[in-house]
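Trainee: Quick check, what structure comes out for this input:
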Amino acid sequence: MTAYALGIVLFSALLHAGWNAMLKSETDRAGVLGAVSLFHAFAGVVLILMSPIPAPESWPSIAVSTIVHYGYYLLLFRAYRFGDLSQVYPISRGLAPAIVAFSAWLLIGETLAPLAMAGLVAIVTGIFLLALQRGAAAAPRSTVGFAVLLGLCIGTYSTADGIGIRLSGTATGYMGWLFLFEAPVPLYIALHRRRNRGHFAPRTLIMGFLGGAAAVTAYGLVLYVKTIAPLGAVSAVRESSVIIAALIGVIAFGERPWKGRILAAVIVAGGVIALSLSG
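Mentor: Model (predicted):
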């Protein structure tokens with residue numbers, strides 16, 4: 001992976017960790033997720049208007065990713081309702097690189113160099129150390145279960161999008177339709193809230209739109225880099241966002257122990273360097 005690609009993915013990781021921390025800190029998480037997905041849909045319309053239609057070969061990937069994203073939002077809401085940022089985020093994001101690398105090898109024959117494989121192992125190891133530092137093994141089964149299912153969702157849609165965007169012939173067109181198909185999420189949340197005589201506070205909408213802007217930018221950058229770098233490497237470096245999430249947990253949320261988190265962060269950083277040197 002080149003330094004250019006590495007820099008883009010690391011910036012994406014910063015954006016992603018930031019909006020997840022914001023989601024965890026909000027009390028109306030369903031409302032925030034609705035606003036996030038609504039922003040995605042608006043962004044999708046803009047991208048569709050300025051882009052050609054994706055090639056027919058990419059539409060199965062769009063369909064798979066869309067359906068999996070619906071489950072992702074539901075699981076994200078449940079996971080942060082019962083678990084904390086430093087537990088759910090590392091477990092769910094830690095599973096994704098291994099799933100993507102294996103899927104890329106199985107489906108399109110993409111391989112990683114030995115140094116890149118060592119970096120992938122280091123990143124996954126460090127991520128799981130971060131999770132265990134928070135006592136994931138002793139956490140309620142539901143929390144760990146939601147986080148594991150989230151990881152499966154992330155690995156599945158990451159693989160589908162990595163393949164689909166390469167077949168689409170238009171990265172922006174692919175992203176546009178993918179984002180637009182999130183429209184049922186805010187619609188469902190709004191109808192459910194209306195039936196229960198609820199409402200959306202202005203702060204919820206503002207935070208959701210900010211989170212949506214960060215999420216759109218982060219995921220768009222990742223999809224772009226997947227057109228110029230190996231899928232497994234991109235996914236692995238992308239998950240270095242757990243370092244940022246761990247720092248947010250320690251500084252903003254007062255989560256401990258901090259020494260174990262620093263050790264795990266060093267291991268992940270070593271893996272990132274190995275991946276960057278392997279390209």
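Trainee: From here on, just use CA atoms for contacts and neighbour counts.
Mentor: OK.
Trainee: quick one: contacts of stretch 19-36?
Mentor: For stretch 19-36, contacts defined as Cα atoms under 8 Å, 6 or more residues apart in numbering pick out 73, 77, 80, 84-85, 185-187, 189-190, 200, 204-205, 207-215, 245, 248.
Trainee: How about stretch 234-243?
Mentor: 6, 9-10, 12-14, 16-17, 86, 89-90, 93-94, 96-98, 100, 120, 123-124, 127, 158, 222, 225-226, 265, 268-269, 272, 275.
Trainee: swap in stretch 218-225?
Mentor: Defining contact as Cα under 8 Å, 6+ apart, one finds that stretch 218-225 is touched by 5, 8-9, 11-13, 15-16, 161-162, 165, 171, 175, 234, 238.
Trainee: Quick one, which of those residues are buried?
Mentor: Applying 16 or more other Cα atoms under 10 Å to those, the neighbour count classes 5, 8-9, 11-13, 15-16, 161-162, 165, 171, 175, 234, 238 as buried.
Trainee: Next step: those restricted to helices.
Mentor: 5, 8-9, 11-13, 15-16, 161-162, 165, 171, 175, 234, 238 (DSSP state H).
Trainee: which one of the residues you listed is nearest Leu49?
Mentor: Minimum distance to Leu49 across these is 11.8 Å, recorded for Met175 (Cα to Cα).
Trainee: Okay, now the unreliable bits of this structure?
Mentor: The chain contains residues with pLDDT under 70 at 133-141, 276, 279.
Trainee: For the residue sitting furthest away from the middle of it, grab phi and psi.
Mentor: Here the chain reaches farthest from its C-alpha mean at Arg197, the gap being 32.0 Å by Cα atoms, centre = their mean. Per-residue torsions, Arg197: phi 60, psi 30 (degrees, to the nearest 10).
Trainee: How about Pro54?
Mentor: phi -60, psi 150.
Trainee: Equivalent analysis for Thr170, please.
Mentor: The phi/psi pair for Thr170 (degrees, to the nearest 10) reads phi -150, psi 110.
Trainee: For it, give me its contacts.
Mentor: So Thr170 contacts 51-54 (Cα under 8 Å, 6+ apart).
Trainee: Any quick PyMOL command for the buried ones out of the residues you listed?
Mentor: Of the contacts of Thr170, the buried ones go into a single PyMOL selection, burial set by 16+ other Cα under 10 Å:
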select buried, resi 53+54
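Trainee: okay, among the contacts of Thr170, which ones form the most distant pair?
Mentor: Ser51 and Pro54 (8.6 Å).
Trainee: where do the contact lists of the two overlap?
Mentor: 170, 173.
Trainee: are any of the contacts of stretch 234-243 buried, and which?
Mentor: For these, buried by 16+ other Cα under 10 Å: 6, 9-10, 12-14, 16-17, 86, 89-90, 93-94, 96-98, 100, 120, 123-124, 127, 158, 222, 225-226, 265, 268-269, 272, 275.
Trainee: Tell me which of these fall in helices.
Mentor: 6, 9-10, 12-14, 16-17, 86, 89-90, 93-94, 96-98, 100, 120, 123-124, 127, 158, 222, 225, 265, 268-269, 272, 275.
Trainee: so Gly173 touches Ala55, yeah?
Mentor: No. Between Gly173 and Ala55 there is no contact under Cα atoms under 8 Å: 9.5 Å.
Trainee: between the two, which one's more packed in?
Mentor: Between Gly173 and Ala55, counted using other Cα atoms under 10 Å, the more crowded position is Gly173 (24 against 16).
Trainee: Tell me which helix or strand the more buried one sits in.
Mentor: Taking DSSP states H and E as the criterion, Gly173 maps to helix 171-180.
Trainee: cool, and Ser37?
Mentor: Following DSSP H and E, one finds Ser37 within helix 29-49.
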